[in-house]
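A.B. asks: Provided below for reference: sequence and predicted model.
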Number of protein chains: 2
Amino acid sequence: MPVEPRAWELVLRHIERELLDGSLRPGDHLPPERTLAADLGVGRSSVREAVRVLEGFGLIRTQTGSGPSAGAIIVATPQGGMSALMRLQVAAQGFPVADIVKTRLLLETQIASGLAEASPAPSLDAAATLLTAMDDDGLTPAEFLALDAQFHVALAEASGNQVVTAMMAGLRDAVESYALAGLAAVADPHRMLGRLRAEHHGIVEAIETGDAAAARIRVHAHIAGYYAETHSPSTTHSPSAERAPELSEETPTW
Amino acid sequence: MPVEPRAWELVLRHIERELLDGSLRPGDHLPPERTLAADLGVGRSSVREAVRVLEGFGLIRTQTGSGPSAGAIIVATPQGGMSALMRLQVAAQGFPVADIVKTRLLLETQIASGLAEASPAPSLDAAATLLTAMDDDGLTPAEFLALDAQFHVALAEASGNQVVTAMMAGLRDAVESYALAGLAAVADPHRMLGRLRAEHHGIVEAIETGDAAAARIRVHAHIAGYYAETHSPSTTHSPSAERAPELSEETPTW
DNA sequence: TGTTACCCTGTGGTCAGACCACAGTGGTCC
DNA sequence: GGACCACTGTGGTCTGACCACAGGGTAACA
């Protein structure tokens, strides 16, 4: 049983402990790398490796220079870290794209129906603004899909659940390149964009009128429909042979 | 607009690109750090920082020594990375515990009802084995909760969705310390364990008999009940003032 | 006195070099 | 044929150095 506390793990645990006991709070600065290294009796490079992991997780933001805004600051913005993790797991084939889509269906249908039922009705201003931006006909496919991603995340954000929001951001970002490749492969991209726009409006309308069942069904159709129409072996640039499972309304969404 | 491609980000993007185009696949070795550094024209420490991020995400596993099992190997095991990310985000107050619980409710109720409806019926052998192990009266609370965590993850695993499984593992691990502190705070821990055991069996039974509605309700009661009984300001060791929102069956589970 | 210019300091970012521990590998010796 | 052992390549770590950067204080100037 090798007890191998690698130096950088020691640093990571130390910081986690200080976070848990409240010594470090959001907005605080981490001690300078050199100080931390001296205090913990490790090399600066080991401190830097731990800091890098925290930065990858979206826990801290580092900045050079001097003054109040310089150094490593605890920010705890999970979306970036979650997106990076999921994107890389998809790239490394740890997450099949099909499972990402199924999970989106699971989460987003729940989110939409929950928003429709919630009282007081949550604000959908952010989502509405994005819908307006998406109406611009001059958008490139990449720009449109970026706004589309923001729209879906905005719905999650309206739920007020930060965990769900971060997960949604990660899921949507992870398949961004696939969505783009898929759009390029459809026969009539312009028509597809129009359809997506209409579906978005339908989803928001169902939520605003409090029709949870319709919201759920429309979200399902929106996501599953796009996936089904764009996903074929020729449109994926994944090296693995993937199957496109049926994603009907009847089968469980996972 | 500072374009600041930090050296370690360059390495990370390089590896991600090789994953996407299939040059690197699960099971493959990353090039030795020194080689990678020379090829990309960066220092070895920068390579190591990128490698560390990948290891934090659960994408690779590093091992010293020589031979086929040494070096950095692509494993793509998302559970560990997801757990670490969520645990640290909770510690840094990026994820409120209440949102974690709500997300668990959302995911696990869907998982349970989905398992009940699925045909052919998925195997619950792993979950059943864990239930047997949990029947041991000699378990410490920590041991019991560790098995409990595995049980919940096993249900997710039975769904066959790797994304959901990783998320569940992360969510459950993130609140592990809170669950333990909460259990220590209840008046009669032994009675609580008995109740959890009974609820677990009830959940599995509902799934096995195909009663999706009962499975959903029992899972909800199981998670929300434990949270409600253990969560009070005195039992949390979070430095922040947290509210314990009501988690009734009527309110949306997010 | 007010303003401008400059240097100083402390921070993260990076690199080079060195050494260690470790685990296969292959040869050598018995 | 088998046991032993040095070799080699890997990650893990530390040290020391230098750079870029940004803020703050100080000095020079108007």
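C.D. replies: Ah, there it is. Numbers count the residues shown, from 1 in each chain, chains lettered A, B, ... in the order given.
A.B. asks: only C-alpha atoms, please: export the helix or strand harbouring residue A:224 in PDB.
C.D. replies: Assigned by DSSP states H and E, residue A:224 falls within helix A:212-230. This file holds the C-alpha atoms of helix A:212-230, laid out as PDB (Å, rounded to 0.1, in the frame of the first residue of the first chain):
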ATOM      1  CA  ALA A 212     -45.100  22.400 -18.100                       C
ATOM      2  CA  ALA A 213     -46.000  19.500 -20.200                       C
ATOM      3  CA  ALA A 214     -45.600  21.400 -23.400                       C
ATOM      4  CA  ALA A 215     -42.300  22.900 -22.200                       C
ATOM      5  CA  ARG A 216     -41.000  19.400 -21.500                       C
ATOM      6  CA  ILE A 217     -42.100  18.000 -24.900                       C
ATOM      7  CA  ARG A 218     -40.800  20.900 -26.900                       C
ATOM      8  CA  VAL A 219     -37.400  20.900 -25.200                       C
ATOM      9  CA  HIS A 220     -37.200  17.100 -25.900                       C
ATOM     10  CA  ALA A 221     -38.200  17.500 -29.500                       C
ATOM     11  CA  HIS A 222     -35.800  20.400 -29.900                       C
ATOM     12  CA  ILE A 223     -32.700  18.600 -28.600                       C
ATOM     13  CA  ALA A 224     -33.500  15.100 -29.800                       C
ATOM     14  CA  GLY A 225     -34.600  16.400 -33.200                       C
ATOM     15  CA  TYR A 226     -31.400  18.300 -33.900                       C
ATOM     16  CA  TYR A 227     -29.300  15.400 -32.700                       C
ATOM     17  CA  ALA A 228     -31.100  13.000 -34.900                       C
ATOM     18  CA  GLU A 229     -30.900  15.100 -38.000                       C
ATOM     19  CA  THR A 230     -27.300  16.000 -37.700                       C
END
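A.B. asks: helix or strand with the lowest mean pLDDT in chain A?
C.D. replies: In chain A, no helix or strand scores lower on mean pLDDT, DSSP states H and E than helix A:176-185, which sits at a mean of 90.
A.B. asks: now do the buried residues in that one.
C.D. replies: Under the neighbour-count criterion of 16 or more other C-beta atoms under 10 Å in any protein chain shown, helix A:176-185 has A:176-183 buried. (C-beta placed from N, C-alpha, C; glycine too.)
A.B. asks: so how far is the helix or strand harbouring residue A:98 off the chain centroid?
C.D. replies: Residue A:98 belongs to helix A:97-117 when elements are defined using DSSP H and E. Put simply, helix A:97-117 sits 13 Å off its chain's centre (C-alpha atoms, centre = their mean, to the nearest Å).
A.B. asks: okay, helices next: where are they in the stretch 51-200 of chain A?
C.D. replies: A:78-91, A:97-117, A:125-134, A:141-158, A:162-174, A:176-185, A:189-208 (DSSP state H, counting those that start in this stretch).
A.B. asks: what's the closest of the buried residues of helix A:176-185 to DNA strand D?
C.D. replies: The shortest approach to DNA strand D among those belongs to residue A:177, at 27.6 Å (C-beta to the nearest atom of the strand).
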